[in-house]
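3D, please:
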Amino acid sequence: MSEWKAKRFWKEAAVVEEEGGFGIRLDGRAVRTPAKAAMIVPTRPLAEAVAAEWDAQEDLIQPGTMPVTRSANAAIDKVRHQHAEVADMLAGYADTDLLCYRADSPDSLVRRQAEAWDPLLDWAEARYGARLVPVAGVMHRPQEAGALAQFSAQVHAMDNFTLTAFHDLVGLSGSLVIGLAALEEARPAEDLWELSRLDERWQEDQWGIDEEARAVEAVKRAEFLHAKRFSALSATPE
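Modelled structure (predicted):
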C-alpha cells in the first residue's frame, strides 16, 4: 500500500476511453488498483468521479477521502475474482431478511413494522415474482425454496461493480429487499436507510437517544448512501 503514501506527482487527472470502459490518467499515466490491475470502470460518470477524487488530493494521497476510488478498487481486485462467492453470501440474506423478522409484542411495534415493511415485501413480490414471508420472533424459519432461487438469480446476474455496491447496501441494512429497492430506486436511499433502523427508532422512542450509538450509525448511513451513489455511477444505460 506504499503508493497510497506518495506525494501528489500529477497536475491533472483525466478520463480516457479504453477497451472495455473508461480509464483515468494522471498526466498521461494510467491509474492502477492496489493489486496493479488496470483501473477500467464501466461508465464515464464513474470514471469522472474517480478522477475528481484524484484531482482533489493535495500534498499526500488520502484514501479516506476517496470512497469512489476505493469501491472501484474493490470491484476490480476483489469482487471480480470471487463474484460467485460474494453473490452466494448476499443471496443468503433473503432467508434471514430483516424485514421478515417481526416482534410479537408490544402491539405498537408490531403495527409499526407491518406498516413500514409490508409494502417493501409487496414491492419485491411484484418486481421479482418472489414472496418473502414475515414471521414473529427471532428463530430462523426457512423461506420458500422457489423464492430464494429467484432472488439468488437476481443477485448472481449483477456485474462486478453493481455487486460491490450491493454488498454494502445489504450488509449495512441487513436486508436483501432493501438493497434491491435501493438499486432499483424504488424509494429514496435516505428513506430506505430509515426503514432499516425501525427497531432502533422504536427503542429510542421508549428510552431516549444513545448518542454513541447514533455516532456509529452515522458512519454506517454515510457508507450506505455512498454505496447507492456508487451503484448509480456504475449503471450502464439499458
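
in this protein, what residue spans correspond to strands?
13-18, 21-26, 29-30, 40-41, 101-102, 135-136 (DSSP state E).

partners of the third one, with directions?
It stands for strand 29-30. Take DSSP bridges as the rule and strand 29-30 pairs in its sheet with strand 21-26 (antiparallel).

surely D55 meets A14?
No. Judged on Cβ atoms under 8 Å, D55 makes no contact with A14 at a distance of 9.2 Å. To be clear about C-beta, it is placed using only N, CA and C from the backbone, and glycine gets the same treatment.

picking up where we left off before, of all the strands of the chain, which one is nearest A165?
Closest approach to A165 among these (Cβ to Cβ): strand 40-41, 12.5 Å.

where is the longest helix in this protein?
Secondary structure of the chain per DSSP state H: the longest helix is helix 211-234.

so how far is that one off the chain centroid?
9 Å (Cα atoms, centre = their mean, to the nearest Å).

ditto for stretch 185-205
Relative to its chain's centre, stretch 185-205 lies at 15 Å (Cα atoms, centre = their mean).

pull out the buried positions in it.
When burial is assessed from 16 or more other Cβ atoms under 10 Å, stretch 185-205 yields the following buried residues: 186-187, 189, 192-193, 195-199, 202.

which other residues reach that stretch?
Applying Cβ atoms under 8 Å, 6 or more residues apart in numbering, the contact partners of stretch 185-205 are 98, 103, 108-109, 112-113, 116-117, 120, 123, 127, 172-175, 178, 180-182, 210, 213, 217, 221, 224-225, 228.
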